[in-house]
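Engineer: The sequence and its predicted three-dimensional model are supplied below.
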Amino acid sequence: MLNFTVGPVMSPEDVISVAGVSAPYFRTPEFSKTMLENEEMFLKLLNAPEGSRAVFLTASGTGAMESCVMNILSDKDKVIVINGGSFGERFAMLCRLHRKKYTEVKCEFGKQLTRGQLSGLEDHTALLINMHETSSGLLYDMKMVSQFCKENGILLIVDAISAFLADELDMTELNAAAVLTGSQKALACQPGVSLVALAPEALKRINDNEEVCMYLSLKDALINGVRGQTPFTPAVTILLQIHKRFEDIISCGGTKSEISRISKVAEQFREGIRDLPLMIVPENPSNAVTALTPLSKGAKEIVRILKEEYGIWVCPNGGDKADSVLRVGHIGHITYEDNKVLLDALCEMYISKRL
Ligand SMILES: *Cc1c(COP(=O)(O)O)cnc(C)c1O
């Protein structure tokens with residue numbers, strides 16, 4: 001199957017081969033060294049500020065989101081949640097569950113967040129945003145958001161789960177206190193590990209806050225991380241894959257070359273569908289995904305035909321968008337030739353009036 005979903009995505013050969021062994025025992029100096037290098041490489045790729053730390057949780061991306069809400073925020077916070085789709089909604093639900101005071105800023109599906117929507121919220125203390133709202137494919141105006149947070153001394157927590165390595169992200173420039181990502185998006189490893197980078201501002205909060213959980217405790221993860229270990233058994237092979245992937249990216253010149261590769265794959269796809277009855281949903285699409293509204297046929301049927309007749313996975317949307325939106329991912333090991341196979345399939349479907 002050719003996989004154009006938004007994760008898990010196709011991995012490069014050398015990353016796949018890392019996982020083809022029994023997991024090695026991990027309470028060893030060798031694995032500690034790998035983990036210390038993972039932390040260092042992740043912080044370097046994010047351009048994290050001096051004094052930052054990173055931890056690796058054996059949990060999907062949502063685990064990292066929940067751990068940030070539980071460990072970094074406190075009852076004293078007044079949180080802004082940017083909600084422009086199902087991932088923004090997830091942050092709102094986490095604040096609700098963990099009893100944080102929050103204000104939701106709702107964005108219309110696929111529409112850019114404006115400065116005007118934030119006015120009146122200057123007295124808040126933290127802001128949660130999904131840099132790329134993967135459900136609509138919209139990339140938020142992070143410069144504006146970061147500026148707003150800087151001006152008002154608001155702690156910025158960025159869910160970059162589908163943005164890291166796909167769109168430009170500089171943690172220092174954004175002045176972000178925390179940046180999270182996952183193993184199965186543009187990192188293109190197996191699903192199961194989420195990564196959390198923490199600037200000194202977030203580290204201080206984690207230290208000062210009372211511990212409220214065990215498995216997702218960032219304090220515990222940080223303490224163990226000093227010696228390159230994790231509190232509990234981690235997804236060892238995925239962490240080895242991440243190490244391989246980081247090394248590859250750094251040896252190819254860092255995030256820039258990876259972002260440029262993905263953006264070219266996205267551009268080629270968008271160019272290829274110009275004459276097809278598919279409308280791009282977001283105002284400002286990310287490089288990672290193109291969300292599309294089919295103009296003449298249902299999204300579900302298109303997803304089914306691609307899967308069953310062409311051996312191609314694209315992503316259906318959920319909820320009330322299930323039949324009106326589908327998403328084509330550009331992350332993972334996708335080549336121009338793969339893109340061409342998908343575009344040819346879509347053209348053929350159009351000619352036979354099935355698109
Ligand atoms: C994929 C994704 C997540 C996390 O999803 P998991 O299934 O928990 O890995 C969170 N936020 C965004 C923006 C995502 O794209």
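Structural biologist: That came in fine, so what should we check first? Residues are numbered from 1 along each chain as shown.
Engineer: use CA for all of it now, contacts and neighbours both
Structural biologist: Fine.
Engineer: what's in contact with the helix or strand bottoming out on mean pLDDT in the chain?
Structural biologist: The helix or strand of the chain with the lowest confidence, counting by mean pLDDT, DSSP states H and E, is strand 315-316 at a mean of 93. The contact list for strand 315-316, computed with Cα atoms under 8 Å, 6 or more residues apart in numbering, reads 4-6, 299-300, 303, 322-323, 325-329.
Engineer: Tell me which residues are up against the helix or strand where S32 lies.
Structural biologist: S32 is located in helix 29-46, with elements delineated by DSSP states H and E. Residues from elsewhere that reach helix 29-46 (Cα under 8 Å, 6+ apart): 26, 52-55, 169-171, 197, 225-229, 239-240, 242-243, 246-247, 250, 254-255.
Engineer: hmm, back to that, tabulate the contacts of strand 315-316 (CSV), appending secondary structure.
Structural biologist: Shown next, in CSV, are those (DSSP: H, G, I helix; E, B strand; the rest coil):
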residue, secondary structure
F4, coil
T5, coil
V6, coil
A299, helix
K300, helix
V303, helix
A322, coil
D323, coil
V325, coil
L326, strand
R327, strand
V328, strand
G329, strand
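Engineer: Just the ones of the contacts of helix 29-46 in helices?
Structural biologist: Under the assignment DSSP state H, the contacts of helix 29-46 contribute 171, 225, 239-240, 242-243, 246-247, 250, 255 to helices.
Engineer: Which members of the residues you listed are classed as buried?
Structural biologist: 171, 225, 239-240, 242-243, 246, 250, 255 (16 or more other Cα atoms under 10 Å).
Engineer: Which ones among the residues you listed also lie next to the ligand?
Structural biologist: Of the residues in those, proximity to the ligand by Cα under 6 Å from any ligand atom holds for none.
Engineer: For the stretch 1-150 of the chain, what lies in contact range of the ligand?
Structural biologist: 60-62, 87, 130, 132-134.
Engineer: how about the residues you listed in TSV, adding distance to L180 and pLDDT?
Structural biologist: Below are those laid out as TSV (distance: Cα to Cα, whole Å; pLDDT from 0 to 100):
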residue	distance to L180	pLDDT
S60	11	98
G61	8	98
T62	10	98
F87	13	98
N130	9	98
H132	12	98
E133	14	98
T134	14	98
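Engineer: and which of those is nearest E13?
Structural biologist: Using Cα to Cα, S60 comes nearest to E13 of those, at 22.5 Å.
Engineer: what sits against that closest one?
Structural biologist: Taking Cα under 8 Å, 6+ apart as the criterion, S60 is in contact with 182-183, 191-194.
Engineer: In three-state terms, label L165 for me.
Structural biologist: coil.
Engineer: phi, psi of it?
Structural biologist: Here is the backbone geometry of L165 (degrees, to the nearest 10): phi 80, psi 0.
Engineer: How many neighbouring residues does it have?
Structural biologist: 28 (other Cα atoms under 10 Å).
Engineer: and what of the one 4 residues further on?
Structural biologist: Residue crowding around L169 was assessed by other Cα under 10 Å; the count is 21.
Engineer: Quick one: residues contacting it.
Structural biologist: L169 neighbours (Cα under 8 Å, 6+ apart): 46, 163.
Engineer: does the closest residue to V196 other than its chain neighbours have beta-bridge partners, and which?
Structural biologist: Spatial nearest neighbour of V196, excluding adjacent residues (Cα to Cα, 6 or more residues apart in numbering): L180 at 4.5 Å. When assigned by DSSP bridges, L180 has beta-bridge partners D159, V196.
Engineer: Backbone dihedrals for L292, please?
Structural biologist: Taking degrees, to the nearest 10, you get phi -130, psi 140 for the backbone angles of L292.
Engineer: could the buried ones among the ones in helices among the contacts of helix 29-46 be laid out in JSON lines, adding pLDDT and distance to S17?
Structural biologist: Formatted as JSON lines, those follow (pLDDT from 0 to 100; distance: Cα to Cα, whole Å):
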{"residue": "M171", "pLDDT": "98", "distance to S17": "31"}
{"residue": "G225", "pLDDT": "98", "distance to S17": "26"}
{"residue": "L239", "pLDDT": "98", "distance to S17": "13"}
{"residue": "L240", "pLDDT": "98", "distance to S17": "11"}
{"residue": "I242", "pLDDT": "98", "distance to S17": "12"}
{"residue": "H243", "pLDDT": "98", "distance to S17": "13"}
{"residue": "F246", "pLDDT": "98", "distance to S17": "15"}
{"residue": "I250", "pLDDT": "97", "distance to S17": "19"}
{"residue": "T255", "pLDDT": "97", "distance to S17": "22"}
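Engineer: Out of these, which comes closest to E267?
Structural biologist: Closest approach between those and E267, by Cα to Cα: T255, at 18.0 Å.
Engineer: Show residues contacting stretch 255-269.
Structural biologist: Contacts of stretch 255-269 (Cα under 8 Å, 6+ apart): 45, 165-168, 249, 287-290, 330-331, 334-336, 339, 343.
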